[in-house]
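# Below: sequence and its predicted model.
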Amino acid sequence: WRLWQRQAMYAYAQFQGRAFLLSACPGAGKTDAALEIGRQERRRFGSWIVPIVPTDFLRKQWVDAGAQRGIHLMIVKDDKNDDLGKAGYDGFVMTYQQLFNQQNAVASFVRARRTFPIVDEVHHAGERQTWGRALEVAFQAAPKALLLTGTPWRRDPSSPIPWARYVDDVVSVDFAYEYGAAVLDGMCRKIKFQFYTCDDVRWID
């Protein structure tokens with residue numbers, strides 16, 4: 001494990017609130033850290049691990065990452081007939097839009113079984129109020145939640161991120177691994193701005 005991931009997991013273990021907001025820059029390893037936190041929740045409480053993601057591509061990414069760590073996640077289909085508690089799985093992964101369409105079914109599942117939602121790119125839930133409301137309805141009975149983002153600077157009081165805490169309209173982050181630290185740790189490359197000049201520019205139809 002990378003040092004920041006161990007620190008984030010320790011911070012989560014000490015956390016006394018309901019929703020822990022972890023902010024880390026792209027490529028830092030948020031998914032790995034989140035899956036390990038989810039594994040601990042399942043080991044301790046039998047919680048079902050339920051990542052909520054913005055896109056279909058990320059559903060597959062989470063399933064593959066989980067499989068590498070012995071965590072079996074089912075991709076929820078769009079037909080609304082899935083057995084969310086299907087035997088042989090540790091949880092399921094669905095998009096925000098699917099959650100919106102199936103929020104009542106998920107809410108029933110969460111009331112019947114302890115569930116640990118991992119809300120990936122949670123700032124998207126603030127951009128669309130319908131998605132945010134769906135999160136609140138579906139996981140109202142969930143005792144704990146993990147929120148992930150690389151964009152914790154949202155300032156929109158009219159569309160707050162569900163479960164996030166705000167200080168002067170700025171999201172309060174519980175653990176942050178920022179781009180500068182990632183560069184120093186060799187986790188990602190420095191940004192380079194390339195400048196190009198030319199003397200002859202032509203429009204081609």
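Arrived safely. Numbering: from 1, shown residues only.

# In this protein, where is pLDDT below threshold?
79-82, 127-128, 152-158, 188-198, 201, 203, 205 (pLDDT under 70).

# Can you show me the helices along it?
Under the criterion DSSP state H, the chain contains helices at 3-14, 30-45, 56-68, 96-101, 103-112, 124-127, 129-138, 179-184.

# can you pull the contacts of residue 36?
1, 5, 9, 69 (C-beta atoms under 8 Å, 6 or more residues apart in numbering). Quick note: C-beta positions are derived from backbone N, CA and C, even for glycine.

# Tell me which residues of stretch 3-14 come out buried.
4-5, 8-9, 12 (16 or more other C-beta atoms under 10 Å).

# Equivalent analysis for stretch 14-23, please.
Quick answer for stretch 14-23 (16+ other C-beta under 10 Å): 19-23.

# got the contact list for it?
8, 11-12, 30, 33-34, 122, 143-150, 152, 163-165, 171-178.

# again, but for stretch 85-94
38, 42, 48-53, 59, 62-63, 66, 71-76, 82, 84, 102, 106, 109, 112-113, 115-116.

# From one end of that stretch to the other, what's the distance?
14 Å (C-alpha to C-alpha, to the nearest Å).

# ditto for stretch 44-51
OK, stretch 44-51 end separation, C-alpha to C-alpha: 18 Å.

# tell me which residues in it are buried?
47-51.

# Could you do stretch 116-133 as well?
Those would be 116-126, 131-132, for stretch 116-133 by 16+ other C-beta under 10 Å.

# Could you identify the most distant pair in those residues?
The distance between the two most remote of the buried residues of stretch 116-133 (C-beta to C-beta) is 21.2 Å, for 116 and 126.

# contacting residues for the most centrally placed residue in the chain?
Nearest residue to the geometric centre of the chain (C-alpha atoms, centre = their mean): residue 120, 1.6 Å. For residue 120, the contact set (C-beta under 8 Å, 6+ apart) comprises 30-31, 34, 51-54, 58, 62, 148.

# now do residue 121
Residue 121 neighbours (C-beta under 8 Å, 6+ apart): 53-54, 148-151.

# nearest to residue 204, of the helices of the chain?
helix 56-68 (33.0 Å).

# mind listing what's buried in the closest one?
Neighbour-count burial for helix 56-68 [16+ other C-beta under 10 Å]: 58-59, 61-63, 65-66.

# got the helices of the chain as TSV, with distance to residue 199 columns?
Below are these laid out as TSV (distance: least, C-beta to C-beta, whole Å):
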stretch	distance to residue 199
helix 3-14	47
helix 30-45	45
helix 56-68	41
helix 96-101	48
helix 103-112	58
helix 124-127	42
helix 129-138	49
helix 179-184	35
